[in-house]
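>>> could you work out the structure for the sequence below:
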Amino acid sequence: MKHSAGVLLWRRQGTVIQVLLGHPGGPFWQRKDAGGWSIPKGEYDSGEDPQAAALREFEEETGVRLEGELTPLGEVKQSGGKLVRVWARGQDCDASKLQSNTFSMEWPPGSGKQRDFPEIDRFGWFSLEEARIKLVKGQVVFLDRLLDKVKYLLVIHLQLE
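Predicted coordinates:
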């Protein structure tokens, strides 16, 4: 069974909670928008610490090294059988400046030519409502889990002000 770990970055814009999503690069995802975006994540080996893998994969896919506490959002088994584990972090960044690592594949198929593509070709900040439409179906549950955690954190923050 394959395991994947990632970080769902979130920020507050006034009263709106936004999340950072990435659009997979390469020719297969080129025209896919709704249901085609993902939480920055990647596979890890069974002996590896999942949270460390999530941080590594986030850095590889965005170019940003995260430091500080992460909030666990749990694990979900996707339709293909992969187990995806996600953490959340409240932090802002400029999505237009993020840059992903690349992968190589034969393109066009049967041509014998290898081409490099970014793992994520673009990033964007989306409200939770927009993210429900953009995200691949198996990851939408993490938005609900994030909302539960963020509500709690915002109540605590407001009580301290």
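>>> shaky segments in the chain?
The chain contains residues with pLDDT under 70 at 152-161.
>>> let me see the ranges of the strands in it.
For the chain, applying DSSP state E gives strands covering 3-13, 16-24, 41-44, 71-77, 83-90, 102-106, 114-118, 120-127.
>>> any chance of those strands in a markdown table, plus mean neighbour count and distance to R65?
Heads up, the C-betas are built off the backbone N, CA and C, glycines and all. A markdown table is the format used below for the strands of the chain (neighbours: other Cβ atoms under 10 Å; distance: least, Cβ to Cβ, whole Å):
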| stretch | mean neighbour count | distance to R65 |
| --- | --- | --- |
| strand 3-13 | 21 | 11 |
| strand 16-24 | 21 | 15 |
| strand 41-44 | 18 | 15 |
| strand 71-77 | 15 | 18 |
| strand 83-90 | 21 | 12 |
| strand 102-106 | 12 | 19 |
| strand 114-118 | 14 | 18 |
| strand 120-127 | 18 | 16 |
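>>> out of those, which is closest to L135?
strand 16-24 (6.5 Å; Cβ to Cβ).
>>> other SSEs contacting the closest one?
Contacts defined by 3 or more Cβ pairs under 8 Å, 6 or more residues apart in numbering; DSSP states H and E place strand 16-24 against strand 3-13, strand 120-127, helix 128-134, helix 141-160.
>>> picking up where we left off before, so for E60, which of the strands of the chain sits nearest?
Comparing the strands of the chain against E60 with Cβ to Cβ, the closest turns out to be strand 41-44 (6.7 Å).
>>> Provide a list of residues in contact with S100.
Going by Cβ atoms under 8 Å, 6 or more residues apart in numbering, S100 touches G22, G25, E60, E61, T62, G63, P118, E119, I120, D121.
>>> who's in contact with the residue nearest to it when sequence neighbours are not counted?
Nearest residue to S100, sequence neighbours excluded (Cβ to Cβ, 6 or more residues apart in numbering): I120, at 4.0 Å. Listed by Cβ under 8 Å, 6+ apart, the contact partners of I120 are G22, H23, P24, G25, S38, P40, E61, T62, L98, S100.
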